[in-house]
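Asks: Fold the following, please.
(one chain, ligands or ions: 3)
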Amino acid sequence: MDNHALYQLTEQIKQWGQSLGFADIGISNTDLSHYEPFFEDWLSHQYHGSMDYMAKHGRKRSRPDELEPGTLSLISVRMNYFDGEAYSAISQLQSSNKAYISRYALHKDYHKLMRKRLAQLAQKIETAIATLNPQSDESFRYRAFCDSAPVLERPIAEKAGLGFIGKNSLLIHPRAGSWFFLGELYINLKLPADPPFTQQGCGPCTACMDECPTQAIVDNAVVDARRCISYLTIEYDGVIEESLRPLIGNRIYGCDDCQLVCPWNRFTEPTQEQAFKAKAPLDEVDLLTLLHWDEAQFLTEMAGSPIRRIGYVKWLRNLCIAIGNDVYRAENINALNALQIDSDMVNTHRLWALNVQKQKQKTSSKTTRPGRFSTPNRPAVVAKYYLPKSGSASPINAVPIHQIRSKIEP
Ligand code: B12
Ligand code: SF4
Ligand code: SF4
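Replies: Ligands and ions are numbered 1, 2, ... in the order given. The predicted model follows:
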C-alpha cells in the first residue's frame, strides 16, 4: 500500500474506533526502549510484590515484536468509565460506615467488552486491506489486549499521543483526565505513527503523592504496589500488614484517591457506555449490608463484575478491615462476632477489627460525628477534590487533539 492509502486507512481507523465507543485512538511504533529501564528498575525494587506475572515474561512486555512476532504498529485506545450519575465518590469515602468501591468496578467487567470492540475494529481494518490490496500475499494479523497480557499499556498510550504519564503513574489526557481504560491492537502493518506526548503535565503539583493514604507513590510515576490499596484489596491474597490496615479506611475494593485529587480530572469525560453505568447498590451501600451477604449472594450480586474475581474470602477480609476502621458502633461488634467463616485469613482480620472497635468503644465519648471518620482519614481531609464539572472545558479544550499532543500546559 502506498503512503497515501496508509494515511487514509489510519484516519478511517480513528473514525471506526470512535464509532465503536473509544474516546481516542492513537498509533505508535514498537520501540518502547525509553520505558524498558523504568520497568526493570521497578521490578528490581520488588515493587510488584506477589504479582509474579509482572516479572514472568522477561522483555516480552517491553518488546512487542518479541511477544507477537511480526508486529509493526501498535494501536492504542481509551474508553471512559466514570459514571457521572453514580452516587458521589467523596460522600461515600467520607462516611466510615459506607463501603467505597473503585469507580472502575461499579459496573460490568471491562476486559471482555474492550477486547470485543478491539476485535471489531481489527475486522474492519482487515476488510479494508483486502479491498485496497486484493493481490497481497501477506495476510493481516492482529492481537487485541486489555489488561490481559504482558503489555506496557501506559507507555504505549503515551507514545501513541493519548496522554502523559502523571506523577500518580496514570495516563492523563489534559482534555479528559484519567478515568478511562486502555486497550491495544498489535498489528503486522506499518501505519504512520502519531506524535507522542513528550512532557509530563503535572508541573509543580504533588497532590497525588501527598494525599495517597499509604504513601505508595514513592517517586515521580513510581508506585510501590505493596503499599497501594488497590493491590492490597484486589491482588494480594494474604494477611494485610497491621500498620497498613487503618490507612485503608473504608476502601473495600481498589482505591481512587490519586485520581480524585488530580486537578486534570476536572475535565473528566463521563462514560457514554451503558455497560459502565453503576450497578445498584454498589455506589451507595453500607459495610454491614455487604457483610451480611453469604457466598451465594456475593456470587449472584457480582455476576459480570470484576469484583467477583477476588472471591468471597478476600471480600470478607476487606470488609472486616473497613468495619474495624468505622467509628465505634455496637452493631459492628455484633456483626463481627456473628460472622462465621472457616478461613484463618478472614478470622485474623475479623479479630483485629473486633479489637479496634472495642478500643474505640472505650474512647467513643470523644467521637464527634457518628457516621464520619473520628480520626482524620484521607481524602476526607484533603484541600480539594476534582470531580467533573458539567460543561467545563480544559484550558486547551478548544485546540484540536493532534495539536496538543506534545505541548501541554501544567
Ligand atoms: C500491575 C498493575 C497495577 C498494580 C501496579 C500499579 C502501577 N502503578 O504499576 C496495582 C494493582 C497497584 C494497580 C492499581 C491501579 N490500576 Co492498574 N494496572 C496494572 C497493569 C496490569 C500493569 C502496570 C505496569 O506495567 N506497572 C509497572 C510499572 C513500572 O509500569 P507503569 O506503571 O506503566 O510505568 C511506566 C511509566 O510510569 C514509566 N516511568 C517509570 N518511571 C518514570 C519516571 C518518569 C519521570 C516518567 C515520565 C515515566 C516513568 O515507565 C514505566 C514502564 O516502564 C496495567 C495494565 C497493563 N498491562 O499495563 C493496569 C492499569 C495500569 N491499571 C489501571 C487502573 C485503572 C488502576 C487503578 C486506578 C485501579 C483502582 N482504582 O484501584 C489503580 C491505580 C493505582 C496507580 N496509581 O497506579 C489502568 C490505568 C488506566 C490509566 N488511565 O492510566 C491500566 C492501564 C489497566 C487498563 N487496561 O486500563 N495496577
Ligand atoms: S490507588 Fe490509592 S493507594 Fe494506590 S497509589 Fe493511588 S492513592 Fe495511593
Ligand atoms: S495530582 Fe498533580 S502530580 Fe498527581 S498526577 Fe495529577 S497533576 Fe500530576
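Asks: Domain parsing of this protein, as residue ranges.
Replies: Annotated domains of the chain cover 3-85+107-203, 207-268+278-366 [automatic domain parsing].
Asks: what distance separates the start and the end of the longest one?
Replies: Across its full length, domain 3-85+107-203 reaches 38 Å end to end, with Cα to Cα, to the nearest Å as the criterion.
Asks: and it, what's its mean pLDDT?
Replies: Mean per-residue pLDDT for domain 3-85+107-203: 96.
Asks: repeat for the last one
Replies: Averaging pLDDT along domain 207-268+278-366 gives 96.
Asks: Now do it: distance to the chain's middle.
Replies: Averaging C-alpha positions (Cα atoms, centre = their mean, to the nearest Å) puts domain 207-268+278-366 16 Å from its chain's average.
Asks: ok, and does that domain reach over to ligand 3?
Replies: Yes: counting by Cβ under 6 Å from any ligand atom, contacts between domain 207-268+278-366 and ligand 3 involve 207-208, 261-264. (Glycine included, C-beta is placed from N, CA and C.)
Asks: Which of the helices or strands spans residue 316?
Replies: helix 311-325 (DSSP states H and E).
Asks: Not counting sequence-adjacent ones, nearest residue to residue 313?
Replies: Excluding its sequence neighbours, the residue lying closest to residue 313 (Cβ to Cβ, 6 or more residues apart in numbering) is residue 343, at 5.1 Å.
Asks: before we move on, what about residue 109?
Replies: residue 306 (4.6 Å).
Asks: Next: residue 14.
Replies: Excluding the flanking residues, the one nearest residue 14 by Cβ to Cβ, 6+ apart is residue 25, at 4.8 Å.
Asks: Confirm the one you found sits in a helix?
Replies: No: per DSSP: H, G, I helix; E, B strand; the rest coil, residue 25 lies outside any helix segment and is strand.
Asks: Might one say that it is in contact with residue 11?
Replies: No: between residue 25 and residue 11 there is no contact under Cβ atoms under 8 Å: 10.4 Å.
Asks: the more surrounded of those two?
Replies: Per other Cβ atoms under 10 Å, whichever of residue 25 and residue 11 has more neighbours is residue 25, with 24 against 11.
Asks: How about the contacts made by the more buried one?
Replies: 13-14, 17-18, 75-77 (Cβ atoms under 8 Å, 6 or more residues apart in numbering).
Asks: partner residues bridging it?
Replies: Per DSSP bridges, the residues bridged to residue 25 are residue 77.
Asks: Backbone dihedrals for the closest residue to ligand 3 within the stretch 251-400 of the chain, please?
Replies: In the stretch 251-400 of the chain, the residue found nearest to ligand 3 is residue 262; the distance is 3.3 Å by Cβ to the nearest ligand atom. Phi and psi for residue 262, reported as degrees, to the nearest 10, are phi -80, psi 120.
Asks: go on, residue 84?
Replies: phi -60, psi -20.
Asks: unless I'm mixing things up, it is touching residue 270, no?
Replies: Yes: counting by Cβ under 8 Å, residue 84 touches residue 270, with 3.5 Å between them.
Asks: follow-up on the earlier one: pick the one among the residues of domain 207-268+278-366 next to ligand 3 closest to ligand 2.
Replies: Nearest to ligand 2 among these, with distances taken as Cβ to the nearest ligand atom, is residue 208, at 6.4 Å.
Asks: what's the helix or strand where that closest one lies packed up against?
Replies: Using DSSP H and E, residue 208 sits in helix 207-211. Applying 3 or more Cβ pairs under 8 Å, 6 or more residues apart in numbering; DSSP states H and E, one finds that helix 207-211 contacts helix 257-260.
Asks: For whichever residue of the stretch 251-400 of the chain sits closest to ligand 1, give me phi and psi.
Replies: Residue nearest to ligand 1 within the stretch 251-400 of the chain (Cβ to the nearest ligand atom): residue 254, separated by 2.9 Å. Dihedral pair for residue 254: phi 80, psi -180, per degrees, to the nearest 10.
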